[in-house]
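Novice: please find the sequence and the predicted model below.
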Amino acid sequence: MNEEEKLEDLFKNLQGSFDMEEPTVGHEQRFLGKLDSVNQTVSLHTRKYWWKPLSIVASIVLLCAIGAGLFFNNAPTIEEQVAKISPEASQTEFYFANLINEQVKQLEGESTPETQKVIDDSMTQLRKLENNYLVLEQDLLNGGNSKLILSAMITNFQTRIDLLQEVLNQVETIKNLKKYNDENFTI
């Protein structure tokens with residue numbers, strides 16, 4: 001006899017002995033009460049009532065957090081505010097910032113133990129100039145003399161570029177001196 005025939009015979013023998021009646025009203029509460037008294041557990045029925053209010057509160061909190069994040073993110077950045085005051089300043093800032101970033105990358109690529117002190121000092125000076133630039137941006141946004149402030153901002157960029165160019169020249173000189181000394185050193 002195969003498996004299907006055995007299973008079929010089992011159901012034929014059990015036919016008519018299945019309980020098809022629905023439980024009486026209150027059966028679930030009586031059953032849970034008996035479980036609670038035997039196992040000393042918390043009723044599952046009471047937990048179900050807390051789930052819905054907690055999920056609603058959690059949803060409201062989540063929606064408020066998302067809404068607050070969107071509301072507070074809509075404030076224009078300093079760059080956007082400067083661009084609104086002077087579009088030319090924004091374009092100039094973009095040009096100079098890219099030029100400065102390229103020179104900083106080039107300077108970092110030239111870093112050796114001999115040039116590290118010069119590079120570190122120049123980066124410190126560069127950070128000071130960047131902080132001064134941020135103060136100038138705030139002054140422009142606060143309604144200061146825009147022509148004077150824009151001129152100071154451009155001068156700041158030019159000073160940073162000149163500083164980086166000077167340091168690149170110093171690094172090149174240090175490298176050449178080291179190379180010259182290595183070539184002329186005899187044992």
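Specialist: That came through, no problem. Residues are numbered from 1 along each chain as shown.

Novice: residue 126: what's it in contact with?
Specialist: Contacts for residue 126 (C-beta atoms under 8 Å, 6 or more residues apart in numbering) come out as 104, 160, 163, 164. For glycine as for every other residue, the C-beta is placed from the backbone atoms N, C-alpha and C.

Novice: I figured the first one hits residue 165, correct?
Specialist: No - contact between residue 104 and residue 165 fails when scored by C-beta atoms under 8 Å: they sit 11.6 Å apart.

Novice: show me which of those two is the more surrounded one.
Specialist: residue 104 (17 against 12; other C-beta atoms under 10 Å).

Novice: which SSE is the more buried one in?
Specialist: Take DSSP states H and E as the rule and residue 104 turns out to sit in helix 87-109.

Novice: pLDDT score for residue 123?
Specialist: Looking at residue 123, its pLDDT is 90.

Novice: let me fix that: residue 48
Specialist: 55.

Novice: give the rounded mean pLDDT of the helix holding residue 104.
Specialist: For helix 87-109, the mean pLDDT works out to 84.

Novice: check stretch 141-161 too.
Specialist: pLDDT averaged over stretch 141-161 gives 85.

Novice: list of residues touching that stretch?
Specialist: 78, 81-82, 85-86, 89, 92-93, 96-97, 99-100, 103, 126, 129-130, 132-133, 136-137, 139-140.

Novice: again with stretch 84-92
Specialist: By C-beta under 8 Å, 6+ apart, stretch 84-92 touches 76, 79, 82, 83, 140, 141, 146, 150, 153, 154, 157.

Novice: what sits against residue 171?
Specialist: By C-beta under 8 Å, 6+ apart, the neighbours of residue 171 are 107, 110, 115, 118, 119.

Novice: mind checking which helix or strand it is in?
Specialist: Using DSSP H and E, residue 171 falls in helix 146-184.

Novice: and residue 142, how many neighbours?
Specialist: If we define neighbours as other C-beta under 10 Å, then residue 142 has 8 of them.

Novice: check the one 10 residues further on too.
Specialist: Neighbouring residues of residue 152 were enumerated by other C-beta under 10 Å; the total is 17.
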